[in-house]
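J.: predicted model follows, preceded by the sequence.
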Amino acid sequence: MVIPPVLSVRTESITDPGDLLPFASASNPLVFLRSGEGIVGVGEAVRLTFSGPTRVADAAAAWRSLSSAAVVIDEVGLPGSGLVAFGSFAFADHSASDSVLVVPSVTIGRRNGVAWITTVDAAEPAVPSALGAGFDVRFMPGAQGPALYGAAVRNAVAAIARGEVSKVVVARDLVGTLPDDADLRRPLAALSTRYADTFTFAVDGLLGASPETLVRAIGGAVSARVLAGSAARGVDAESDALAAATLAESAKDLGEHDFARASVLDALAPFAEIEPGDAGPFTLQLPNLWHLASDIAATLTGEASALDLVGALHPTAAVAGTPTSVATDLIAELEPFDRGRYAGPVGWVDATGDGEWAIALRCAQVSGTTVTAYAGAGIVGDSDPVRELAETTLKFAPITEAFS
């Protein structure tokens, strides 16, 4: 049995520091922000790694042990204050990528107009620094280039026709090279500015801006946002409105969305009472895409933590397919790469078990000077390879633009 360290944690309110991103490390940022609010971590007081099919359950147990042993003085008492860990989990059960929980030495946060600093074991307060010079990354096709992606989509449609799955998400990759001294806060700043209503995140080299909430659990209230089905924005107001209306009536996209929504409702049912909601999805406007979206609200009926809910929900049909176990096996056949933590859960958990977790989409993994971006599309029976390739191109745009 591993005995957890006894951490001494103190949270104090501070004068609003403005932009939180300059507090983050330039080379290894810890960030989870939305519309200017959230948390930024500096340093590593504790780093926990997990792998395999039980990685999220193991993390939930380890976090309970670590947080129950900690001595916490929290003068703020808001979600994300006190003892907090940033986390990122691999998509697949047998991924070679580690899943991690990282407790920063220092956390700077802001929520509802209140700002705070949390230090662990009397760490020195963090000091903001100016962002480094801009840089331009040229992305090239990775292991799954356009031609291979088209073939993968056709193979997925054939598997659906054989009755093996109803839906499967197939992704492709792009690869680029970073300068040796690249300040990773630069692409994060671009993402948080252009996609302010999404979760801008950075954990262990995984950077992105996700529009999809896997789960948010605060004080017993649970929420999730399901995104499945998408269309390009129009070039003017008239064509944009037509694109949204067409998406809202698309049988292909509505069917894909139904699979994703049902998978979330089924996963939450053992833990929470689902609140009544609208019968159909709505169209969500992002700078480069329209999405079909559904918001789900529920109330916990037990003592599950945010990590427990993450373990139950991942992977959703929105990023894997239906049935999930068959779809994930098929993904391993159709994609010539390990997804790593792309499409896995990314977010934070605090000592109370509250937390916010997004699905790691519109993202890239930085390893040394190599940056690998990922984007996928949900494949159903009437999917067209050309359209699906175009959809992934649209989904790459936030990352390729942010790194340029």
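T.: Cool, got the structure.

J.: what are the phi and psi angles of Leu334?
T.: Main-chain torsions, Leu334, degrees, to the nearest 10: phi -90, psi -20.

J.: quick check: pLDDT value at the closest residue to Arg194 other than its chain neighbours.
T.: Nearest-residue entry for Arg194: Pro287, 5.9 Å, with adjacent residues in sequence omitted and distances by Cβ to Cβ, 6 or more residues apart in numbering. (Glycine included, C-beta is placed from N, CA and C.) For Pro287, the model assigns a pLDDT of 78.

J.: likewise for Ile3?
T.: Per-residue confidence (pLDDT) for Ile3: 65.

J.: and the one 4 residues further on, by the same measure?
T.: pLDDT for Leu7: 95.

J.: burial count for the closest residue to it other than its chain neighbours?
T.: Distances taken as Cβ to Cβ, 6+ apart put Ala70 closest to Leu7, at 4.3 Å, once the chain neighbours are dropped. By other Cβ atoms under 10 Å, 19 other residues sit near Ala70.

J.: Ala70 contacts Val9, correct?
T.: Yes: counting by Cβ atoms under 8 Å, Val9 is a contact partner of Ala70 at 5.6 Å.

J.: overlap in contacts of these two?
T.: 83, 351 (Cβ atoms under 8 Å, 6 or more residues apart in numbering).

J.: may I have the phi/psi pair for Glu388?
T.: As for Glu388, its main-chain torsions (degrees, to the nearest 10) stand at phi -70, psi -40.

J.: where does it land on pLDDT?
T.: You'll see Glu388 listed with a pLDDT of 95.

J.: quote the end-to-end distance of stretch 238-256.
T.: Stretch 238-256 has an end-to-end distance of 26 Å (Cα to Cα, to the nearest Å).

J.: residue contacts, the spatially closest residue to Ala152 that is not a sequence neighbour?
T.: Distances taken as Cβ to Cβ, 6+ apart place Leu334 nearest to Ala152, at 4.4 Å, with adjacent residues excluded. Contact analysis of Leu334 by Cβ under 8 Å, 6+ apart lists 152, 155-156, 168, 170.

J.: compare these and tell me which is most surrounded.
T.: Highest neighbour count within those: Val168, with 32 neighbours (other Cβ under 10 Å).

J.: that one bridge partners, please.
T.: Note on Val168: beta-bridge partners by DSSP bridges are Gly321, Ile379.

J.: in a helix, that's where Ser65 is, yeah?
T.: Yes: according to DSSP: H, G, I helix; E, B strand; the rest coil, Ser65 belongs to a helix.

J.: if I look at it, how far off is Gly321?
T.: 34 Å (Cβ to Cβ, to the nearest Å).

J.: doesn't Ile73 belong to a strand?
T.: Yes: applying three-state DSSP, one finds Ile73 inside a strand.

J.: list the contacts of Glu356.
T.: 32, 79-80, 199, 213, 216, 218, 306, 347-348.

J.: in three-state terms, label it for me.
T.: Applying three-state DSSP: Glu356 is strand.

J.: quick one: the strands in the stretch 101-250 of the chain?
T.: Counting by DSSP state E, counting those that start in this stretch, the stretch 101-250 of the chain has strands at residues 106-111, 114-120, 140-141, 167-177, 199-203, 206-210, 213-218, 221-232.

J.: next, count neighbours for Ala245.
T.: Per other Cβ under 10 Å, the neighbour tally for Ala245 reads 13.

J.: an error on my part: the question was meant for Phe50.
T.: By other Cβ under 10 Å, neighbour count at Phe50 equals 20.

J.: against Phe282, how distant is it?
T.: 36 Å.

J.: swap in Arg64?
T.: In this view, Arg64 and Phe282 are 37 Å apart by Cβ to Cβ.

J.: name the residue in these two with the higher neighbour count.
T.: Under the criterion of other Cβ under 10 Å, the comparison of Arg64 against Phe282 puts Arg64 first, with 16 against 13.

J.: for the more buried one, which non-adjacent residue is spatially closest?
T.: Leaving aside its chain neighbours, Arg64 sits nearest to Ser305 (7.3 Å; criterion: Cβ to Cβ, 6+ apart).

J.: same check on Ser166?
T.: Closest residue to Ser166 apart from its sequence neighbours, by Cβ to Cβ, 6+ apart: Thr322 at 4.6 Å.

J.: Ser27 looks like it's in a helix, true?
T.: No: Ser27 is assigned coil when assessed by three-state DSSP, not a helix.

J.: right, and it touches Leu184 too?
T.: Yes: between Ser27 and Leu184 there is a contact under Cβ under 8 Å: 6.5 Å.

J.: what about those two, which has more around it?
T.: Taking other Cβ under 10 Å, Ser27 and Leu184 do not tie; Leu184 has more neighbours (23 against 13).

J.: Ser65 and Gly321: which is more packed in?
T.: The residue with more neighbours, out of Ser65 and Gly321, is Gly321; 32 against 14, by other Cβ under 10 Å.

J.: pretty sure that one contacts Ile160?
T.: No: here Gly321 lies out of contact with Ile160, judged by Cβ under 8 Å, at a distance of 9.3 Å.
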